[in-house]
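In: Structure, please.
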Amino acid sequence: MKPKPHSTLNEHLTRIYYLLFVLTIGLGVGNIVYLSFQPETTAHVLFFCGVQYAVILLILTFPIVLRKRFMIQIPLLITVLCAAFGFVAMIMGDGLNFYGKYRWWDSALHLFSGCVLAFVGLWIISIIFEDSHKEVFSSRIFVAFYVLLFGLSCGVVWEICEYTYDSFFGTNTQQFMATTTSSLPLPNDVPLSGHEALRDTMTDLILDLVGSLLVSIYVFLRYNKLMKMQQISFKE
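Out: Numbers count the residues shown, from 1 in each chain. Modelled structure (predicted):
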C-alpha cells in the first residue's frame, strides 16, 4: 500500500527534529569544552553560551511537555521550524559565532523568524476555529491580517528582549557595535552613534514585517485549503 503523504512527511520531520536534538547536545558540549581550553575565554562567555544551549534544549522539549502534560498538540511542522530557528540562531549564530563571521546571518534569521512566527499565529487561530463559531473568524481577510500582525508583534517583543539583554549583560544582540557583529563584543569594540545605531533594530523589524507579509499573502491565496488541512502531530 502506498504511504499517505502526511505520514511520510511526519516521518521526515520527526527525523529532522531528533537530528536537531542530537546536534544541539553534541555541538553544545563540544563548543563549551573547546572554549574552556582557550586562554581568552572568560566566565561571561561560557555563561552566555551555556544559557544559549539551555534555551534551545527547552525549545526542543517544550512541545513534548505540552503534549504529555497538558494534551496540547503543536503541529510537527511548526515544532521543527521553531527548533530549526533556535538552532541556527543560538547554536550556530551565538555558539559558533556565525553572527560575527557573516554580517548577513542576523538579517536572514529575522526574515525566517517572521515567516515562522506568522505560521505559529495561523496555528493559534486554527485552534480558535475549533471552539468558536464567530463569523469574524470565517473571513480570509481577517485571518491574513491577524497572521501579519501576530508575526510583526512577536518581532517587536523580540527586539525588546534583545534591548533588555544587552542592557543587563553588555552583549551586542542588537548589533549596535561598529567594529563587530558578534553577540559578545570585546572591550575595545566601538559602538555606533546617531542614526546608525538604529540601523539593526529597524532592519530587523522591516524583515519581520516582510516575512510575516509573505505568509499573510500565502494564507490569503490558499485560505480554503489551509483551513481544511489537518494538523500534523507527533505519533505516539
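
In: what's the spacing between the residue nearest the centre of the chain and Q174?
Out: Geometric centre of the chain, nearest residue: F85, 4.1 Å, by CA atoms, centre = their mean. With distances defined as CB to CB, to the nearest Å, the gap from F85 to Q174 amounts to 18 Å. C-betas here are computed from N, CA, C, even on glycine.

In: Low-confidence ranges, this protein, go.
Out: Along the chain, segments meeting pLDDT under 70 span 1-7, 129-138, 226-236.

In: From M177, how far out is the residue nearest to the centre of the chain?
Out: Taking CB to CB as the measure, F85 and M177 are separated by 24 Å.

In: And for V80?
Out: Plainly put, V80 is 33 Å away from M177 if you go by CB to CB.

In: in the helix or strand containing F168, what counts as buried?
Out: Using DSSP states H and E, F168 maps to helix 140-169. Applying a neighbour-count criterion of 16 or more other CB atoms under 10 Å, the buried positions in helix 140-169 are 143-144, 146-148, 150-152, 154-155, 158-159, 162, 165-166.

In: Which members of those residues are the farthest-apart pair?
Out: The largest distance within the buried residues of helix 140-169, taken as CB to CB, falls between V143 and D166 and amounts to 35.2 Å.

In: list the helices and strands the lengthiest helix in the chain packs on?
Out: Of all segments of type helix in the chain, defined using DSSP state H, the longest is helix 5-36. Helix 5-36 is packed against helix 43-70, helix 76-86, with contacts defined by 3 or more CB pairs under 8 Å, 6 or more residues apart in numbering; DSSP states H and E.

In: now the last one and helix 43-70, what's the angle there?
Out: Pointing back at helix 76-86 there. 170 degrees (axes from the mean of the first three to the mean of the last three CA atoms, to 10 degrees).

In: now helix 76-86 against helix 5-36, angle please.
Out: Computed by the same axes, to 10 degrees, the angle between helix 76-86 and helix 5-36 is 20 degrees.

In: Please list the outside residues in contact with helix 76-86.
Out: Residues external to helix 76-86 that are found in contact with it (CB atoms under 8 Å, 6 or more residues apart in numbering): 9-10, 13-14, 16-17, 20-21, 55-56, 59-60, 63, 109, 112-113, 116, 119-120, 123, 232-234.

In: repeat that for 6 Å
Out: Outside of helix 76-86, the residues that reach it under the criterion CB atoms under 6 Å, 6 or more residues apart in numbering are 10, 13, 16-17, 20, 56, 59-60, 63, 113, 116, 119-120, 123, 232-234.

In: And the next helix or strand past that helix?
Out: For helix 76-86, the following helix or strand on the C-terminal side (DSSP H and E) is helix 98-101.

In: Give me the helices and strands touching that next one, please.
Out: Taking 3 or more CB pairs under 6 Å, 6 or more residues apart in numbering; DSSP states H and E as the contact definition, the neighbouring helices and strands of helix 98-101 are helix 105-131.

In: that older thread, just want the angle from the helix holding F168 to helix 105-131.
Out: In this structure, helix 140-169 runs at an angle of 130 degrees to helix 105-131, with the same axes, to 10 degrees as the basis.
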